[in-house]
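# sequence and predicted structure, then a few things I'm wondering about:
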Protein chains: 2
Amino acid sequence: MTRSGAFSRVGVAGARSPGHPFISMTNSQVAPWRRARYTSRVFRTPETAPAMTIDAENRLSHDERLDRLAEIAVRVGLRLRQGQEVVVTAPVEALPLVRRITAHAYRAGASLVTTLFNDDETTLQRFRYGSEESFDHAAGWLYDGMASAFKAGAARLAVVGDDPALLSSQDPAKVARANRARSIAYKPALDHIVNFDVNWSIVSCATPAWAKAVFPNVPPSDALALLWEAIFQASRVDGFDPIAAWAQHDHELSMRTALLNKKRYAALRFRGPGTDLTVGLADDHQWEGGATMAKNGIVCNANIPTEEVFTTPHRLRVNGTVRATRPLSYQGTLIEDIAVRFEEGQIVESHARSGADVLAKVLSTDDGARRLGEVALVPQSSPISQSGILFYNTLFDENAASHIALGQAYAKCIRGGAQLTPDELTRRGANTSLIHIDWMIGSAEIDVDGLDAAGTSEPVMRKGEWV
Amino acid sequence: MTRSGAFSRVGVAGARSPGHPFISMTNSQVAPWRRARYTSRVFRTPETAPAMTIDAENRLSHDERLDRLAEIAVRVGLRLRQGQEVVVTAPVEALPLVRRITAHAYRAGASLVTTLFNDDETTLQRFRYGSEESFDHAAGWLYDGMASAFKAGAARLAVVGDDPALLSSQDPAKVARANRARSIAYKPALDHIVNFDVNWSIVSCATPAWAKAVFPNVPPSDALALLWEAIFQASRVDGFDPIAAWAQHDHELSMRTALLNKKRYAALRFRGPGTDLTVGLADDHQWEGGATMAKNGIVCNANIPTEEVFTTPHRLRVNGTVRATRPLSYQGTLIEDIAVRFEEGQIVESHARSGADVLAKVLSTDDGARRLGEVALVPQSSPISQSGILFYNTLFDENAASHIALGQAYAKCIRGGAQLTPDELTRRGANTSLIHIDWMIGSAEIDVDGLDAAGTSEPVMRKGEWV
């Protein structure tokens, strides 16, 4: 799951943390009928003209699909309750989607829908013209307002379409200061989200800058259309009844987490080219995936799309070597061909063909940055994986392959974790860090085994698919 | 002065009070050189193709003029202080202007610029799809956030471009409920503005819907261009040095208010076709106009444009008949050919060729709705008056002609008024009401005399111009 879209750039000016998801997870079994269906639609050559197969059922107009995405955001993502207020954050480019979301929210009985728009250009103005001191400021009054809204029961919808490279040419020190100020100011509001006090969701919206990053070699309008196509497919907007399709998808994910929770594996072992990694799981670990019940009793889908199932590794029990299967996009830098070695939970050796200095900096953030906070399984047949696209956006990329995440663990992935103190969580093996960076290690060449306490193994995935 | 743009629709959904300025005032002497200059530029037939004279000095591109308007907003409107935070509210259509405002604000040393965008379409969604109960809700968390920002010293800039007819076909009961809920929720923030705790300003931005209302008989793109032309001219963006031109304009307005304050007239008498009205002035009345010093010590121009000088009438001392010289646009209804008779401060007889029922409803709002809260003088040579355009926007229309306002008086227009209790203000003659509606009574046929306590008169304006 990602909450990387969680207001990372709203409040507009400068307060932004691109590609810095703090908590991140998910995956699922794709039913055979769905697998076949999605496989038939895939574009395999995303950087050139894609070869797309359009089903007969798929002949909805762009506006109809946009409307369906809006309906999914309200009825599947938030599962909005009658009379509930909604706080939306969105890039200004998302206006047509926001208007449809607003309409669906009112139809679903929203008491009020308020959208806070952010604009990349005004974010950049600050870096161009702002004084040194300005980078320590954040719109605390606005974040506090959001916290009040959530405390009073408002649902929260983030529409994301970030330009992955927006701040890549800006002074990293200023970016870090602005992010720090924002993080501190935003914490009271974010805590309500992280703790699932209210139902919340993230959906995405294609924007020209994001589309250009994903499809750099096609004309801008084609790139935008391709990104929309990918978003619509991954968000399951097509077909006879998208709401029912999401119910089915959630059901499949819950069957998968139920099975894994019953297994009580002590560890997972990943094997493939360059990879032989044993990831010990935390004591009392809990697999999560798909819909989540928030503390207000509403079962929401916090990420649209979502394909992963995920849990908490044990911070001291990870051993072996692992090679990344996709590049990692981190704050505008592409880190390629990562390979690392773990000993007793900690990365003791790391390599990367490009971006190695950034990787080293990330690993030295704090004590927990060299340890794992999440392990997630995603089959290769998932529609996002099949698209072959690198989205530079955690909401999508983490749903393309099995992955691990450096840094902070997620309390929800420990049984009764919401009621435990930080110390109790640490004793069970949950890692603590300021970072949480997802990192793809799955592919069609990777096998995954489940190990019990005695070391006996059984197959979980073969060649990237559930057994 | 108007604060009608003061967040009347921000927070987006439904919370809106079109054309419902609560406090409103102003006018000035236009220097002969300026008078000539503006006269030469006027378009006299706004509803058809306008005959515009463009000076050589006026050959700036649209983008250059937009940039100058942004600079005027920051350096003349707000007179932003180094290190000050700025809260901007704006329609989404104003994005290009907002980006330039943001750049100028950072250049001027803003610590942070946050824009809250509003969108008419999402406002309408609520009326189309919202439940009955929804109309009693307002985004209190957002308004409280704004109040916190102002309390902490943030400046406030409203960019307005309201569609005057947005809610005209919606259920008036719902509009009233939404406005009421918003008014209550917004009061803490608005109090900081009304009391001038911080520097604030309103500037305008042409939007397609507003342009269509002003120029219904020309093609949409021409209408938008015409409205921009009118806004740019009225906001004094052209010429060699707009900032210096505004300083000169403020100086002229302050000379005029100083002269009127020295005169200490007991009353003003308006005479012309259908009009013979004596407006007694409040005891200790104070003339205001142009720049204002906020309590944080910053001298701001709260309205861009502004041409009026204004003060507080005595609520019990208005007598005679008066005929409106322009139609009054009130919440989507056009009230034409208003004529009323006052006795001892109160309207005892009222007529209108159209919209008479709405006028009657307005007058019965409360006890103070039949009495005056403001009298303002504007010469016919003012650029807005010369444009001949009815803008359906108080920011412009109140600067087109001398006017009176029904309803609430402005404490600032009583000497030491900010320190007086409501009772003390009432004793001096200041009126109290939930409404404040400006209403044009000046024209080139109107003479204005100043009367002293003994009834001796001297000319103040002749044929709509200062003597």
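Cool, got the structure.

# show me what contacts the residue in the stretch 151-300 of chain A positioned nearest to chain B?
Residue nearest to chain B within the stretch 151-300 of chain A (CB to the nearest CB): A:Ala152, separated by 6.9 Å. Quick note: C-beta positions are derived from backbone N, CA and C, even for glycine. Contacts for A:Ala152 (CB atoms under 8 Å, 6 or more residues apart in numbering or on different chains) come out as A:Glu85, B:Trp141.

# ramachandran angles for it?
With angles defined as degrees, to the nearest 10, A:Ala152 sits at phi -80, psi 0.

# number of nearby residues for the closest residue to chain B within the stretch 101-250 of chain A?
With CB to the nearest CB as the measure, A:Gly145 is the residue of the stretch 101-250 of chain A nearest to chain B, at 3.0 Å. Per other CB atoms under 10 Å in any protein chain shown, the neighbour tally for A:Gly145 reads 26.

# so for stretch A:121-141, what gets flagged as buried?
Buried residues in stretch A:121-141, counting neighbours by 16 or more other CB atoms under 10 Å in any protein chain shown, are found at A:122-127, A:129-131, A:134-135, A:137-141.

# tell me which of the residues you listed is nearest to B:Ile202?
Among those, A:Thr122 lies closest to B:Ile202 (CB to CB), at 19.7 Å.

# so the closest one touches B:Arg100, yeah?
No. Counting by CB atoms under 8 Å, B:Arg100 is not a contact partner of A:Thr122; they are 9.9 Å apart.

# quick one: the helices in the stretch 351-467 of chain A?
For the stretch 351-467 of chain A, the helices defined by DSSP state H, counting those that start in this stretch cover A:356-363, A:383-387, A:394-397, A:422-427.

# for the nearest residue to the residue of the stretch 101-250 of chain A closest to chain B once chain neighbours are set aside, which three-state class applies?
Counting by CB to CB, 6 or more residues apart in numbering or on different chains, A:Gly145 lies nearest to B:Gly145, which is 3.0 Å off, once chain neighbours are set aside. Following DSSP: H, G, I helix; E, B strand; the rest coil, B:Gly145 is assigned to helix.

# from B:Ala230, how far out is B:Gly145?
Distance, B:Gly145 to B:Ala230, using CB to CB, to the nearest Å: 34 Å.

# is stretch A:182-202 positioned near chain B?
No. Using CB under 8 Å from any CB of the partner chain, stretch A:182-202 stays clear of chain B, with a minimum separation of 10.2 Å.

# may I see the buried residues of that stretch?
A:182-183, A:185-186, A:188-190, A:192-194, A:196-202.

# over to A:Arg65: give its phi and psi.
Torsion angles, degrees, to the nearest 10, at A:Arg65: phi -70, psi -40.

# next up, the contacts around it.
Contacts for A:Arg65 were tallied using CB under 8 Å, 6+ apart; they are A:Trp228, A:Phe232, A:Val237, A:Asp238.

# among the residues you listed, which one has the most neighbours?
A:Val237 (23 neighbours).

# that one reaches A:Ala73, doesn't it?
No. The criterion here is CB under 8 Å, and A:Val237 misses it with A:Ala73 at 10.4 Å.

# hey, what's in contact with both of these two?
If you check A:Val237 and A:Ala73 against CB under 8 Å, 6+ apart, no residue is contacted by both.

# pretty sure A:Leu259 sits in a strand.
No. The assignment for A:Leu259, made by three-state DSSP, is helix rather than a strand.

# what pLDDT is listed against it?
You'll see A:Leu259 listed with a pLDDT of 97.

# same question for stretch A:213-233, mean pLDDT?
Here stretch A:213-233 scores 96 as its mean pLDDT.

# contacting residues for A:Pro96?
Contacts for A:Pro96 (CB under 8 Å, 6+ apart) come out as A:Leu66.

# and it, which of the three is it?
Taking three-state DSSP as the rule, one finds A:Pro96 in the helix state.

# if I pick A:Phe117, what's in contact with it?
Contact analysis of A:Phe117 by CB under 8 Å, 6+ apart lists A:Val10, A:Thr89, A:Ala90, A:Pro91, A:Val92, A:Ala94, A:Leu95, A:Val98, B:Val92, B:Thr115, B:Phe117.

# hmm, stretch A:207-217 in reach of chain B?
No. Judged by CB under 8 Å from any CB, stretch A:207-217 stays clear of chain B, getting no closer than 13.9 Å.

# re the thing from before, mind checking how far the residue of the stretch 151-300 of chain A closest to chain B is from B:Asp144?
11 Å.

# burial of A:Ala244, as a residue count?
10.

# the one 5 residues further on now?
A:His249 has 24 neighbouring residues, counting by other CB under 10 Å.

# part of a strand, is it?
No. Per three-state DSSP, A:His249 lies outside any strand segment and is helix.

# was I right to think it contacts A:Ala291?
No. At 9.3 Å, A:His249 does not count as touching A:Ala291 under the criterion of CB under 8 Å.

# residues contacting A:Ala400?
A:Glu307, A:Arg326, A:Val378, A:Ser382, A:Ile384, A:Ser385, A:Ser387, A:Phe391, A:Met440.

# try A:His403
A:Glu308, A:Glu374, A:Val375, A:Ala376, A:Val378, A:Asp438, A:Trp439, A:Met440, A:Ile441, A:Gly442.

# pLDDT wise, what is the residue nearest to A:Gly145 at?
Predicted confidence (pLDDT) at B:Gly145: the value is 98.

# so it makes contact with A:Leu116?
No. The pair B:Gly145 / A:Leu116 is not scored as a contact, 10.4 Å apart, by CB under 8 Å.

# overlap of the contact sets of those two?
With CB under 8 Å, 6+ apart, B:Gly145 and A:Leu116 have common neighbours A:Leu142.

# burial count for A:Lys263?
A:Lys263, neighbours per other CB under 10 Å, totals 13.

# give me the pLDDT for it.
What the model reports for A:Lys263 is a pLDDT of 96.

# hang on, the earlier thing: next, format the contacts of A:Arg65 as CSV and append distance to chain B and secondary structure.
Listed next are those as CSV, based on distance: CB to the nearest CB, whole Å; DSSP: H, G, I helix; E, B strand; the rest coil:
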residue, distance to chain B, secondary structure
A:Trp228, 20, helix
A:Phe232, 22, helix
A:Val237, 20, coil
A:Asp238, 25, coil
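
# dump these into CSV; add distance to B:Gly272 as well.
Converted to CSV, those look like this (distance: CB to CB, whole Å):
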residue, distance to B:Gly272
A:Trp228, 62
A:Phe232, 65
A:Val237, 65
A:Asp238, 69
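
# from those residues, pick the one nearest B:Ala213.
Distance to B:Ala213 across the contacts of A:Arg65 (CB to CB) is lowest for A:Trp228, with 34.4 Å.

# nearest residue to the closest one in space, please, no chain neighbours.
Counting by CB to CB, 6+ apart, the residue nearest A:Trp228 is A:Ala206, at 4.5 Å.

# regarding that neighbour, what is its secondary structure?
Three-state assignment for A:Ala206 (three-state DSSP): coil.

# which among the buried residues of stretch A:121-141 are in contact with chain B?
Filtering the buried residues of stretch A:121-141 for neighbours of chain B using CB under 8 Å from any CB leaves A:Thr122, A:Gln125, A:Arg126, A:Tyr129, A:Gly130, A:Ser131, A:Ser134, A:His137, A:Ala138, A:Ala139, A:Gly140, A:Trp141.

# any idea of the pLDDT on the third one?
The one in question is A:Arg126. Note on A:Arg126: pLDDT of 95.
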